[in-house]
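**Q** How does the following fold in three dimensions:
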Amino acid sequence: LFVFNYYCVFGDRQNSDLMSATKFCKMCRECEVINSNTIRQHELDICFKAILADHRKRINKNKKEKACIGRLPYEQIQKVMALVGRRHFPEKKWPLVKESL
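**A** Below is the predicted model of the structure:
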């Protein structure tokens, strides 16, 4: 959670709970998740946008949550990371990701 908050506030000190795709890719690059042999930045963007679309559908159904344009909370970032892992290690079980993604 500390790492998530660190990258959320990078360049926007008042934002400590939502992460954009750009900041997500920066976090993955600096944490050495992105590797030229396995995971590339465009693959992270695809995973991020898939979870973002699902998150927007849920927000539209539940009007109590505040709308966020192109940003995801911590719980959704966990799903993005699970989706990234699932795409590169399909033989493992990833409980946070729906089978349809």
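
**Q** Strands of the chain, start to end?
**A** 19-20, 71-72 (DSSP state E).

**Q** Go through the ones you listed and pick out the most buried.
**A** strand 19-20 (a mean of 23; mean count of other CB atoms under 10 Å). Using the backbone N, CA and C atoms, a C-beta is placed for each residue, glycine as well.

**Q** Residues contacting that strand, please?
**A** Taking contacts as CB atoms under 8 Å, 6 or more residues apart in numbering, the residues outside strand 19-20 that touch it are 4, 7, 8, 27, 70, 71, 72, 73, 74, 77.

**Q** what's the answer for stretch 32-47, then?
**A** Outside of stretch 32-47, the residues that reach it under the criterion CB under 8 Å, 6+ apart are 21, 24, 25, 27, 28, 29, 80, 83, 84, 87, 88.

**Q** sorry, back to before: just the buried ones from the contacts of strand 19-20?
**A** In terms of neighbour count (16 or more other CB atoms under 10 Å), the buried residues within the contacts of strand 19-20 are 4, 7, 8, 27, 71, 72, 77.
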